[in-house]
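*Asks:* Below: sequence and its predicted model.
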Amino acid sequence: MLLVVEINKLQLELNQCTDLVRVGEQHERGHLIPARAIAKTKTLLSLGAHDNWAFDKAFQQLNPDCKVIGVDYQLSLSSIVSGAFRSGVKSLQSVLFGQLKQSKAHVKALLNRVLLYTFYRSGNRLLRRRVSGHTNEDEISLETLIAVYGTIEDNATMLNISMSCDDYQMVEDIIRLESMLSVVTIELAPVPECMSEVNLFIERMSESFEVVHISGGEINRAEQTPLELTFMNRRLSSSK
């Protein structure tokens, strides 16, 4: 697996970005992002978040004028409501059987679902689609996603992506549409065992974006934390 020393080596090669701001919690879809890019962004496209919306909420708190579009083929407003109902039923069942610890966990899940529903009903949008190279009833291409739901201005749309190595083909679309993008944040999990895969991925993205932050990949207990990557459009990297 990736070693911490290899991540540290990559960090030393990064160009220093002096206005990085932590948005969200570390290793919970949280990322360090340049403040200038946060101010520039008018639309945040959050791909693959499922029900972990902490980053989206934190970003909008820093930039209230930015709209958030959540894209996840497993999630919809109706599924959020049904999930909240199931959590409520499980909480009551746990109380009846004296399982207070489990009841608290179900109540926490219920509250998260209610807040998630409220978040996407207050000017934001949730799409139950899979991002791919095609656009149909179940899928949507990145180009169509940005054209329909993003902000078609220079460097005004941000991508926040949870992805695996199987999604590397998305890089070509990102590079082709780079003029519309301010920042691309990626949470890569599982982390590939071969470091060369990560290096090739970063090298390709670096043609249009500057890598401003890399962290994660540490082995914590029995699990490995995701690899967090932040890429800023080179047009913004030269601005102060």
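*Replies:* Everything's here; your move. Residues are numbered from 1 along each chain as shown.
*Asks:* tell me the centre residue of the chain?
*Replies:* Centroid-nearest residue in the chain, with CA atoms, centre = their mean: residue 160, separated by 3.5 Å.
*Asks:* That one in helix, strand or coil?
*Replies:* On the three-state scheme (DSSP: H, G, I helix; E, B strand; the rest coil), residue 160 is labelled strand.
*Asks:* Could you check how far it is from residue 79?
*Replies:* For residue 160, the distance to residue 79 (CB to CB, to the nearest Å) stands at 20 Å. In short, each C-beta sits where N, CA and C put it, glycine included.
*Asks:* Can you tell me the closest non-neighbouring residue to residue 188?
*Replies:* Counting by CB to CB, 6 or more residues apart in numbering, residue 188 lies nearest to residue 227, which is 4.2 Å off, once chain neighbours are set aside.
*Asks:* So that neighbour sits against residue 185, correct?
*Replies:* No: using CB atoms under 8 Å, residue 227 is not in contact with residue 185; the gap is 11.5 Å.
*Asks:* So the two - more neighbours on which side?
*Replies:* Taking other CB atoms under 10 Å, residue 227 and residue 185 do not tie; residue 185 has more neighbours (27 against 23).
*Asks:* would the more buried one count as being in a helix?
*Replies:* No: using three-state DSSP, the secondary structure at residue 185 is strand, not a helix.
*Asks:* so how many other residues sit close to the closest residue to it other than its chain neighbours?
*Replies:* Spatial nearest neighbour of residue 185, chain neighbours left out: residue 31 (4.3 Å); criterion: CB to CB, 6+ apart. Using other CB under 10 Å, residue 31 is surrounded by 24 other residues.
*Asks:* now do the one 4 residues further on
*Replies:* By other CB under 10 Å, 15 other residues sit near residue 35.
*Asks:* So which bits of the lengthiest helix in the chain are buried?
*Replies:* Counting residues, the longest helix found in the chain (DSSP state H) is helix 100-121. Within helix 100-121, the residues that count as buried by 16 or more other CB atoms under 10 Å are 103, 106, 107, 109, 110, 112, 113, 116, 117, 119, 120.
*Asks:* The fifth one against residue 91, yeah?
*Replies:* The one in question is residue 110. Yes: in this structure, residue 110 is within contact of residue 91 by CB under 8 Å, at 6.4 Å.
*Asks:* Confirm residue 199 sits in a helix?
*Replies:* Yes: secondary structure of residue 199 (three-state DSSP): part of a helix.
*Asks:* Show me how the record splits this structure into domains.
*Replies:* 4-75+138-237, 76-127 (automatic domain parsing).
*Asks:* just the helices in this structure please.
*Replies:* Taking DSSP H, the helices of the chain run over residues 4-12, 35-40, 54-62, 77-96, 100-121, 142-149, 170-176, 195-205, 234-237.
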